[in-house]
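# model the structure of this input:
(one chain, ligands or ions: 1)
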Amino acid sequence: MFPRVSWLKSYLLHPPKRPGVLLMGRDRAIHFSSSTMIPIKLPTTQEAHTNGVSGSASAPADKRRKTSHGVRSPDPNLSANPLRTPHPFHRDAEDNGIVLRKFYPPEMSNARARAYNSDELPRPIELLNSAVTDTAAARRTIGVKNAVVHWFKWDLRTSDNRALCLASEKARKAGVPLIALYVLSPQDFDAHLTSPARVDFMLRTLGVLKTDLAKLDIPLWVEPVDKRRDVPGRVMELMAKWGASHLFANVEYEVDELRREAKLVRECAEKGIAVEPVHDTCIVPPGQLTTNAGKQYAVYSPWFRSWIRHIHENLELLELSDPPGPNPTSTRALFATLFDCDIPQAPESKSLSVEEAKRFRALWPAGEHEAMKRLGKFCEEDVGNYGNNRNLPSVPGTSNLSVHFASGTLSTRTAVRTARDRNKTKRLDGGNEGIQKWISEIAWRDFYKHVLVHWPYICMNKPFKPEYSNIEWSYNKEHFDAWARGRTGFPIVDAAMRQLTNMGWMHNRCRMVVASFLSKDLLLDWRMGERFFMEHLIDGDFASNNCGWGFAASVGVDPQPYFRIFNPLLQSEKFDPDGEYIRKWVPELKGIEGKAIHDPYGRGAGDRARKAGYPKPIVDHKGARARALAAYKKGIDSGL
Ligand SMILES: Cc1cc2nc3c(=O)[nH]c(=O)nc-3n(C[C@H](O)[C@H](O)[C@H](O)COP(=O)(O)OP(=O)(O)OC[C@H]3O[C@@H](n4cnc5c(N)ncnc54)[C@H](O)[C@@H]3O)c2cc1C
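Next up, the predicted model:
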């Protein structure tokens, strides 16, 4: 019933291995070596803004930046300290809704991004690791009081949930109740661009979770907190109110979340509350895989070989943790009000229309039981053919499980274990090819989270390769709207975009095609596409989405080289040869037969397409390709 301890070592956070800089609060930093800590002063966010904005946001600079595409020049008035200065083109990102200034500072300079790579700036994971290390002794002395709390985030399941399992064990050993908490912050949804479909899926899942936990006499308390900065304080208040001494939570690897957790660990320790962050969402926790030279991998293939090897050598990584045990029956009397908690409605900015709600509920039934059903069916019927079918958007050949991984209604451990156990070998890289391929796709998810942790500036609107910030993107609104509405005149692109807005999901092949089209054929800032995806995907996951865009736009980790530009027509002919996918999502083209479906205006079906209201192509691929090659080269060579 309760966890075998073998996986614990890997999943509880470890202290940082190397010297670096530890940021304290907003403006103080501590350099730490193995033995010393010397406080130094770093700029406050305000100072950084002032330095950058006073130099760059003056009228002449703005005028210069607003010049037409291709003649923009960096602002010469910027502060001399490159770590404090925003990127010269930071205004483009703000004016086009990429950097949300309500929540975040201006786009940083390339020098600042590189300072993370050279260990001059601390990575957020290091802040959390240090907080855990520094408070370890204090936390050990904290005895269990009236209750133990598990804080649910995007880990909305009871089975194989590392932190929940540990929380349950802690409570059981002490004979006190386990309380489940979910904090709903509308500002967090806004700051993270969480789509309404995803919020709806999460709320429906909370309903399932509440019912399941209630059967174990475990209350699920959902606490709405308007402002995101108030979340840690409110969590501490609730802990105090419930007389709870221990707070367990699975680690989220985005920058804000790591920093928030680090702060919470320290502040709680001072108040006699032990916060226990646990690795859960990756099969191999970030930071555990390094090259022979001790570096993080920046290329998938060697990383994947290392991932496989590491799991084979540490099979406990695939051990599933047990669901929580029941609470003492007295819990219902002790915490009666907590059992009466209603699942709230979605905040207004994230609510769905009645029609949308109906559609998404039918398409994506919520909760972990549905996830297990879908996993079982996929492994039973489809995984064997996955290698052949996975690239064909008209064939339901993929698992459709991303929504469950993103919401945490299914753990990737469970998925990999289930697939492996259907194979004739226990090796992850042997036996059935479909199973091997599927496991290798799930591994991409881990890979991208490892990348996020080590290169945290990708979470701050910078590309993995900072020099790609210098490409002079277009911000052509008509082009962006045509792309978003599925009206580009490129049938495969339009079909895919309409699938996204209809289902909240898009086939992986098509995600690559539309991302390449936006960033290369239209030369639009790839971050506008990244944002649109997050705002519409039901499976929106920061690392997978950002790195997927980075791959297709050639600005990310292990990307498609920038000079390899997808030809949408060839992609269409290769992956939707009979045009079935196009006909499904672009009904105006239903009546167009044969190969003309891929390019009606270029293949003699222009009259029919026009009559049916289908637009002409908004760009010429050949010309657009040449323009993209030139712009990428110029940006990379600019030396900013
Ligand atoms: C531009 C772009 C944006 C993307 N945005 C997201 C996103 O926000 N959330 C998301 O979960 N995936 C994203 N992906 C990855 C991938 O497209 C989806 O995971 C996949 O289409 C989900 O369908 P499925 O569950 O049927 O996948 P399957 O083919 O059944 O694969 C199984 C699982 O493996 C993982 N996986 C597969 N391919 C990838 C990949 N390329 N990168 C990372 N993980 C992968 C997913 O968790 C997926 O559920 C993006 C890819 C691109 C190119």
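# quickly find the element holding whatever residue of the stretch 451-600 of the chain ends up closest to the ligand.
Nearest to the ligand, among the residues of the stretch 451-600 of the chain, is Gly548, at 2.4 Å (Cβ to the nearest ligand atom). (Glycine included, C-beta is placed from N, CA and C.) Per DSSP states H and E, Gly548 falls inside helix 542-552.
# below-threshold pLDDT in the chain: ranges please.
1-79, 640 (pLDDT under 70).
# quick check: domain ranges of it?
Listed by automatic domain parsing, the domain ranges of the chain are 1-15+123-457, 44-82+84-120, 466-637.
# rebuild those domains as CSV, extending it with mean neighbour count.
Output for the domains of the chain, formatted as CSV (neighbours: other Cβ atoms under 10 Å):
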stretch, mean neighbour count
domain 1-15+123-457, 19
domain 44-82+84-120, 17
domain 466-637, 20
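# which residues of the protein fall in strands?
20-24, 28-32, 37-41, 147-152, 178-184, 220-224, 244-250, 274-278 (DSSP state E).
# near the ligand, which residues of the stretch 501-640 of the chain?
508, 511-512, 515, 533, 537, 539-541, 544-545, 548-549, 552 (Cβ under 6 Å from any ligand atom).
# phi, psi for Ala293 please.
Dihedral angles of Ala293 (phi, psi; degrees, to the nearest 10) stand at phi -80, psi 0.
# what's the answer for the one 5 residues further on, then?
Main-chain torsions, Ala298, degrees, to the nearest 10: phi -120, psi 10.
# contacts only, for the spatially most central residue of the chain.
For the chain, Phe542 is the residue whose C-alpha lies nearest the centre (Cα atoms, centre = their mean; 1.9 Å). With Cβ atoms under 8 Å, 6 or more residues apart in numbering as the criterion, the residues that contact Phe542 are 192, 254, 452, 459, 534.
# and this protein, which of its residues are near the ligand?
When proximity is defined by Cβ under 6 Å from any ligand atom, the chain lies next to the ligand at 390, 398-402, 405-406, 441-442, 444-445, 448, 508, 511-512, 515, 533, 537, 539-541, 544-545, 548-549, 552.
# please flag which of those sit within helices.
Counting by DSSP state H, the part of those found in helices is 402, 405-406, 441-442, 444-445, 448, 508, 511-512, 515, 533, 544-545, 548-549, 552.
# what's the separation between the residue lying closest to Arg361 once chain neighbours are set aside and Leu166?
The spatially closest residue to Arg361, leaving aside those adjacent along the chain, is Arg204, at 7.1 Å (Cβ to Cβ, 6 or more residues apart in numbering). Distance, Arg204 to Leu166, using Cβ to Cβ, to the nearest Å: 26 Å.
# ok, Asp155 next?
12 Å.
# which outside residues touch stretch 363-382?
Contacts to stretch 363-382, defined as Cβ under 8 Å, 6+ apart, come from residues 156-159, 197, 201, 204-205, 207-209, 212, 389, 396-401, 403-404, 407, 409-410, 414-415, 418-419, 422, 434, 503-505, 538.
# typed the wrong thing, it's stretch 142-152
163-164, 167-168, 170-171, 173-174, 176-183, 209, 220, 235, 238-239, 242-249, 272-274, 324, 334-335.
# okay, now it: how far is its last residue from its first?
End-to-end distance for stretch 142-152: 22 Å, by Cα to Cα, to the nearest Å.
# for stretch 593-604, give me every contacting residue.
Here stretch 593-604 makes contact (Cβ under 8 Å, 6+ apart) with 489, 491-492, 569, 572-573, 576, 579, 582-583, 589, 592, 605-606, 608-609, 614, 616-617.
# what about those, which are in helices?
Among the contacts of stretch 593-604, DSSP H puts 491-492, 569, 572-573, 582-583, 606, 608-609 in helices.
# distance to His479 for those residues - can I get that in TSV?
Output for the ones in helices among the contacts of stretch 593-604, formatted as TSV (distance: Cβ to Cβ, whole Å):
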residue	distance to His479
Pro491	17
Ile492	17
Leu569	18
Ser572	19
Glu573	24
Ile582	21
Arg583	25
Gly606	21
Arg608	25
Ala609	20
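# quick check: the two most widely separated of those residues?
The distance between the two most remote of these (Cβ to Cβ) is 19.2 Å, for Glu573 and Arg608.
# need the contact list for the closest residue to Ala357 other than its chain neighbours.
In space, and not counting its chain neighbours, Ala357 is closest to Asp200: 6.4 Å by Cβ to Cβ, 6+ apart. Asp200 makes contact with 346, 350, 352, 357, 360-361, according to Cβ under 8 Å, 6+ apart.
# could you pull out the helices in the stretch 201-350 of the chain for me?
Under the criterion DSSP state H, counting those that start in this stretch, helices of the stretch 201-350 of the chain are mapped to 231-242, 255-270, 300-313, 331-334.
# and those helices as a markdown table, adding distance to Asp280?
Listed next are the helices of the stretch 201-350 of the chain as a markdown table, based on distance: least, Cβ to Cβ, whole Å:
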| stretch | distance to Asp280 |
| --- | --- |
| helix 231-242 | 18 |
| helix 255-270 | 13 |
| helix 300-313 | 16 |
| helix 331-334 | 25 |
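# do you know which of those helices lies nearest Arg123?
Nearest to Arg123 among the helices of the stretch 201-350 of the chain is helix 255-270; the distance by Cβ to Cβ comes to 8.3 Å.
# chain center to the closest one, what's the gap?
Centroid separation for helix 255-270 versus its chain: 20 Å, with Cα atoms, centre = their mean, to the nearest Å.
# same for it, what does it pack against?
With contacts defined as 3 or more Cβ pairs under 8 Å, 6 or more residues apart in numbering; DSSP states H and E, helix 255-270 has these neighbours: helix 124-134, helix 231-242, strand 244-250, strand 274-278.
# report the backbone C-alpha coordinates of it in CSV.
Extracted C-alpha coordinates of helix 255-270, given in CSV (Å, rounded to 0.1, in the frame of the first residue of the first chain):
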residue,chain,number,x,y,z
VAL,A,255,10.7,29.9,-13.8
ASP,A,256,8.0,31.6,-11.7
GLU,A,257,6.9,28.4,-10.1
LEU,A,258,10.5,27.4,-9.1
ARG,A,259,11.1,30.8,-7.6
ARG,A,260,7.8,30.8,-5.8
GLU,A,261,8.5,27.3,-4.4
ALA,A,262,12.0,28.3,-3.2
LYS,A,263,10.6,31.3,-1.4
LEU,A,264,7.8,29.2,0.2
VAL,A,265,10.3,26.6,1.4
ARG,A,266,12.3,29.2,3.2
GLU,A,267,9.4,31.2,4.6
CYS,A,268,7.5,28.2,5.8
ALA,A,269,10.6,26.8,7.5
GLU,A,270,10.8,30.0,9.5
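# for that helix, give me every contacting residue.
So helix 255-270 is contacted by 25, 124-125, 127-128, 130-132, 134-135, 138-139, 153, 191, 228, 231-232, 235-236, 239, 247, 249, 251-252, 274-275, 277, 456, 459-460 (Cβ under 8 Å, 6+ apart).
# repeat the analysis, applying 6 Å as the threshold.
Applying Cβ atoms under 6 Å, 6 or more residues apart in numbering, the contact partners of helix 255-270 are 124-125, 127-128, 131-132, 135, 138-139, 232, 275, 277, 456, 459.
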